[in-house]
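Engineer: all I have is the shape, not the residue letters:
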């Protein structure tokens, strides 16, 4: 008689290589830091450092500040993921995050977040060597974790407005890392990001309105008519553009920066106005994500202009 085939449950599962398991764990912990958000934060740090130095700051200081900023922001984002894991489990957009899928345990995430917080603080104090940058880094972590995540996010539609202050801190941190002081110029960079945050984040909230409503997170697009949200976005965008233009007299920016900041600002404000027009017409497709992507292009463009501006006299003299 033929030998019967072994039962399915008797077949051993193929062993997963240790290197693959380790890679998955590393990827999960990196995901806790939300690298795409950190990219935007670092976009504002480097130009602030260059503007403060009037050119390239020392390369080691540049690396140390950016790396410290990565750890500091990663800590805040990891704490945010830990605290908001119940919300993330409900929302379709976030249900694949590591704490929801179980790739990282809550205990592991807490240890990871605390380690990053402590190491980043010591890093700014010892390696970057700026007491002011250290204090600002700590305030940024506390602002995002306590101010935004624990206090504001689940309680007020203005959560992202005031909670977004933490995301403005890298401009101050970058400046302080170079000068160990602050002046009006970095505060203007801070305000550009502050006014930019609502028209950047609210389009995303519009797109995922049902998700936020299901999770009972009172983002403004969840609790207010689209028309009101669009009007507020236009107001913030206009304030953002005006602030960016103030850098010209305050920081001595060139006409090149003026042209870029004005052109990018008009383009982005027009995007906000177009969303308002579509909401007034009752269009089903508001094209929120288009405006969300425009906001990223705007911020990158303006801060790239800040980065390049100190080098323009030398560049123009070479061309002339």
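Structural biologist: Yep, it's here. These numbers were taken from a predicted model, which means no experiment stands behind them.
Engineer: how close does the nearest residue to residue 87 once chain neighbours are set aside sit to residue 24?
Structural biologist: Nearest non-adjacent residue to residue 87, counting by Cβ to Cβ, 6 or more residues apart in numbering: residue 215, 4.6 Å away. (Glycine included, C-beta is placed from N, CA and C.) Computed as Cβ to Cβ, to the nearest Å, the residue 215 to residue 24 distance reads 27 Å.
Engineer: higher neighbour count, these two?
Structural biologist: residue 215 (20 against 13; other Cβ atoms under 10 Å).
Engineer: test my guess that that one contacts residue 92.
Structural biologist: No: using Cβ atoms under 8 Å, residue 215 makes no contact with residue 92, being 10.2 Å away.
Engineer: sec struct for the nearest residue to residue 223 once chain neighbours are set aside, please.
Structural biologist: Computed as Cβ to Cβ, 6+ apart, the closest residue to residue 223 that is not its neighbour in sequence is residue 157, at 5.2 Å. State at residue 157, reduced to three classes by DSSP: H, G, I helix; E, B strand; the rest coil: coil.
Engineer: tell me how far residue 157 lies from residue 271.
Structural biologist: Distance, residue 157 to residue 271, by Cβ to Cβ: 22 Å.
Engineer: name the residue in the two with the higher neighbour count.
Structural biologist: residue 271 (24 against 17).
Engineer: quick one: mean pLDDT for the host helix or strand of the more buried one?
Structural biologist: In the assignment (DSSP states H and E), residue 271 maps to helix 255-281. The predicted model assigns helix 255-281 a mean pLDDT of 95.
Engineer: next, the buried residues of it.
Structural biologist: Under the neighbour-count criterion of 16 or more other Cβ atoms under 10 Å, helix 255-281 has 257-258, 260-261, 264-265, 268-269, 271-272, 274-276, 278-279 buried.
Engineer: on that earlier part again, now do the contacts for the residue nearest to residue 87.
Structural biologist: 87, 90-91 (Cβ atoms under 8 Å, 6 or more residues apart in numbering).
Engineer: check residue 218 too.
Structural biologist: Going by Cβ under 8 Å, 6+ apart, the list of residues near residue 218 reads 154-157, 159, 212.
Engineer: and residue 144, how far is that from residue 224?
Structural biologist: 24 Å.
Engineer: and these two? which has more neighbours close in?
Structural biologist: Ranked by neighbour count (other Cβ under 10 Å), residue 144 and residue 224 place residue 144 first, with 24 against 15.
Engineer: per-residue pLDDT, that one?
Structural biologist: 96.
Engineer: where in this protein is pLDDT low?
Structural biologist: For the chain, the stretches with pLDDT under 70 are 1-16, 19-20, 314-320.
Engineer: mind checking how far the closest residue to residue 309 other than its chain neighbours is from residue 264?
Structural biologist: Once flanking residues are discounted, residue 309 sits nearest to residue 257: 4.7 Å by Cβ to Cβ, 6+ apart. Separation of residue 257 from residue 264 (Cβ to Cβ): 11 Å.
Engineer: ok, now residue 193?
Structural biologist: Residue 193 is 14 Å from residue 264, by Cβ to Cβ.
Engineer: please apply the same query to residue 73.
Structural biologist: 24 Å.
Engineer: equivalent analysis for residue 234, please.
Structural biologist: 16 Å.
Engineer: likewise for residue 45?
Structural biologist: 19 Å.
Engineer: number of nearby residues for residue 18?
Structural biologist: 8.
Engineer: before we move on, what about residue 173?
Structural biologist: When neighbours are defined as other Cβ under 10 Å, residue 173 has 30 of them.
Engineer: ok now do it, which residues does it touch?
Structural biologist: Counting by Cβ under 8 Å, 6+ apart, residue 173 touches 45, 48, 65, 69, 72, 124, 133, 136-137, 140.
Engineer: make JSON lines out of those residues and add secondary structure, neighbour count and distance to residue 81.
Structural biologist: Listed next are the contacts of residue 173 as JSON lines, based on DSSP: H, G, I helix; E, B strand; the rest coil; neighbours: other Cβ atoms under 10 Å; distance: Cβ to Cβ, whole Å:
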{"residue": "45", "secondary structure": "helix", "neighbour count": "26", "distance to residue 81": "22"}
{"residue": "48", "secondary structure": "helix", "neighbour count": "26", "distance to residue 81": "27"}
{"residue": "65", "secondary structure": "helix", "neighbour count": "29", "distance to residue 81": "24"}
{"residue": "69", "secondary structure": "helix", "neighbour count": "28", "distance to residue 81": "18"}
{"residue": "72", "secondary structure": "helix", "neighbour count": "30", "distance to residue 81": "15"}
{"residue": "124", "secondary structure": "helix", "neighbour count": "28", "distance to residue 81": "23"}
{"residue": "133", "secondary structure": "helix", "neighbour count": "27", "distance to residue 81": "25"}
{"residue": "136", "secondary structure": "helix", "neighbour count": "22", "distance to residue 81": "23"}
{"residue": "137", "secondary structure": "helix", "neighbour count": "32", "distance to residue 81": "19"}
{"residue": "140", "secondary structure": "helix", "neighbour count": "25", "distance to residue 81": "17"}
